[in-house]
Structure formats: C-alpha cells, structure tokens
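> Just to be clear, the model below is a prediction. Sequence and coordinates:
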Amino acid sequence: MSHEKERSAPERDREDTPAEDGFAIMPGWAVETLHDDFRQALRVGKLIYDSKTRHQRLRVFENPTFGRVLTLDDVIQTTEGDEFIYHEMMSHVPILAHGAATDVLIIGGGDGGMAREVLRHRTVERVTMVEIDAAVVEFSRQYLPQLSQGAFDDPRLDLVIDDGARFVAGTDRRFDVIIVDSTDPIGPGEALFTDSFYADAKRCLKEGGIIVTQNGVPFLQGAELTQTMRAFKRLFTDRCCYLATVPSYAGGPMAFGWGTDGVARSVPLDVLRTRFAAAGLETRYYTPEVHKAAFALPAYVRKLMP
Ligand code: SAM
C-alpha cells in the first residue's frame, strides 16, 4: 500500500532544481547542501582552490577551526582538523580485527589520508587505491600534503585512476581488506552504493576478508545505511556497522558499514591490545577499547539494520 509521503515542506525535486552553489548561498561561508532540510556552514577564511574537474566541483578553503577543508560538489570530504578520526577508524578497525592483512584495496580516498593510515601498518605489503578523479589526487598532493604525508610516494602503493565499481567488476586481484572511502551516493559516488558493486567487491575478498564502507550519518542518511546493510545481509554472514563522531560530518555519529564471512568482529579486546601494541601506532582517536565500543549501536541505528 503506497503512503502519500507527508509533504511538510516543499520538497526540492532533485531533477528539476539545479544544485545550489554552496559558496553563493551565504557570502563568506561555505554552505553544505548535502541534505534537503539540514545545512551546515563553515566560514571561508581563504579560498585556496576552486575548479571543476571532469567529475565534480573541487574546492579547498581555510577555516579558522578546521584548518584546510576539502569539498566536492559542496559536500565536506575531509578537514585537517578532524580527518584523523575518520581515517583511523576506517583503517585500523578492519586491519587490526583481521590480524594478518597484507593486501588492502582503497576505493576513493583521493585525498590520501586513508592510504596514509593503512600504510602505517608494516604488515601491509600492498595497497591498491582506485580513485576516479586524478585531479583530486594531484590537487591533494599539492594543497593538502599533510593528509597524505608522502603516502602517494610509498612503493607499496598502487594508484589506479578508475571507477571503483568498474575495477572490482573486472579485477582478478583478491584483498584482505576493502575500504570504500567514497563520496556520498551522488555523482560518481552513486555507483559505490549499489548491490552489484557490493557483490563484485565481495568476490574480490580473500577468505576471512573484510569490507568497510563510508555510510554517512544515520540520523540524516538512515536509508543509505539500511540499503547497504540489506545488500550485506544477502552477501555476508557477519554484517553490521560501527560508529564514530566526526565533527565536520554534521548530524551525529557516522556509520561505517562492516561485512565479512569471517569472525574478525569478535576478536577479544586483549588480542586487539596485543596487535595494536605490536603495530606500534601513535593514534589520536583509535584505541582497542574504542574499537570494541564502536560496534555498540544505539537503538535508532539498530532499527536501521534489516
Ligand atoms: N572522507 C570522505 C567522506 O566521508 O565523504 C571521502 C573522501 S575522498 C575525497 C572521496 C573520494 O571518492 C573522492 O576523491 C572521489 O573522487 C572518489 N570517488 C567518488 N566516486 C568514485 C568512484 N565511483 N570510484 C572511485 N572513486 C570515487
């Protein structure tokens, strides 16, 4: 039975309404236009870069609190101030839970922050990073070098410029961990939230392999998390999400999708502590205790799990 959706406010029909330019809405501020009914704005101290690539509008600006901020199509991708939370939780959780990851695939991640964190694991022998937009990499190397911190020059890194969905559909490579560090499901990122992409990614996992996905802020993007979890329920024996609060991803804690046929999620805390110590990582957010606690979900997020 179809329910006529409550139209409490005039709904912006995405097709007809051209995307607003987040820099034009409130001069001197960058207004994020990701959500229909919720916006955040960051003061633009200095606009450092602004250009349209083949795929998306790329901007970087200085903000007094967050430092340099990267936006793609007016959506905040990463900021110098709080990127450590996101990159540490999306890399160390699957790699330390796995315990013997040597081959890691990063899909997206053009700013280089995820590659930086993954490459800190000496046990990781090869990182393949599949980024659709070469301009994001070139630009991040130049304007956001503190994100990649030399990761792009690490001999263990294979940088592939391609659509991540096409890559997993066509590769015969297999990985211990797949990290989908994508934009939100708009523009080129849309392909990374489809059932076919998840099925192809699963085929690219070695036995006991783990996939983690950037799955937005459940309070505002709950349907995206449910959609990913529905696909993961069909593909994996263990699927869930874990949470971390990244201040610039406004709207509450953000979710990282988790899928595996292995038992990595139940690794005991003392084993995680031993692995973390052996890895010799200096972190600013990740701890083995935070790792375990991140999987404890509040009721409103559990309700989004099919
Ligand atoms: N931390 C950010 C977040 O949570 O939104 C993501 C950062 S990273 C900049 C996102 C990257 O995904 C961008 O460099 C973008 O070009 C890339 N991307 C988007 N769609 C893609 C696709 N289909 N294949 C590969 N990379 C893609």
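The structure has been received and is ready for your questions. Residues are numbered from 1 along each chain as shown.
> Can you give me the pLDDT of the closest residue to the ligand within the stretch 201-306 of the chain?
Residue of the stretch 201-306 of the chain nearest the ligand, by Cβ to the nearest ligand atom: residue 214 (4.4 Å). (C-beta placed from N, C-alpha, C; glycine too.) Residue 214 carries a pLDDT score of 97 in this model.
> count of neighbours near it?
Per other Cβ atoms under 10 Å, the neighbour tally for residue 214 reads 26.
> Could you tell me which residues make contact with it?
90, 108, 180-182, 254, 256 (Cβ atoms under 8 Å, 6 or more residues apart in numbering).
> now this protein, which segments are flagged as low pLDDT?
1-19 (pLDDT under 70).
> same for the strand or helix carrying residue 92, what does it pack against?
Using DSSP states H and E, residue 92 sits in helix 83-98. Applying 3 or more Cβ pairs under 8 Å, 6 or more residues apart in numbering; DSSP states H and E, one finds that helix 83-98 contacts helix 113-119, strand 175-181, strand 205-214, strand 238-244, strand 254-260, helix 269-279, helix 288-293.
> Restricting to C-alpha, output that helix in CSV.
Extracted C-alpha coordinates of helix 83-98, given in CSV (Å, rounded to 0.1, in the frame of the first residue of the first chain):
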residue,chain,number,x,y,z
GLU,A,83,40.2,13.9,9.5
PHE,A,84,42.2,11.7,11.9
ILE,A,85,39.0,10.3,13.5
TYR,A,86,37.6,9.1,10.2
HIS,A,87,40.8,7.8,8.7
GLU,A,88,42.0,6.0,11.9
MET,A,89,38.6,4.3,12.4
MET,A,90,38.2,3.2,8.8
SER,A,91,41.6,1.7,8.5
HIS,A,92,42.8,0.4,11.9
VAL,A,93,39.4,-1.3,12.9
PRO,A,94,39.4,-3.7,9.9
ILE,A,95,43.1,-4.2,9.7
LEU,A,96,43.6,-4.9,13.5
ALA,A,97,40.5,-7.0,13.6
HIS,A,98,41.7,-9.1,10.6
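> After it, which helix or strand is next? Please name it.
Later in the chain than helix 83-98, the nearest helix or strand by DSSP H and E is strand 103-108.
> Which positions in the stretch 151-300 of the chain make contact with the ligand?
Selection of the stretch 151-300 of the chain residues close to the ligand by Cβ under 6 Å from any ligand atom yields 163-165, 181-183, 188-189, 191-192, 214.
> which one of the residues you listed sits closest to residue 35?
Distance to residue 35, by Cβ to Cβ, is smallest for residue 183 among those, at 14.3 Å.
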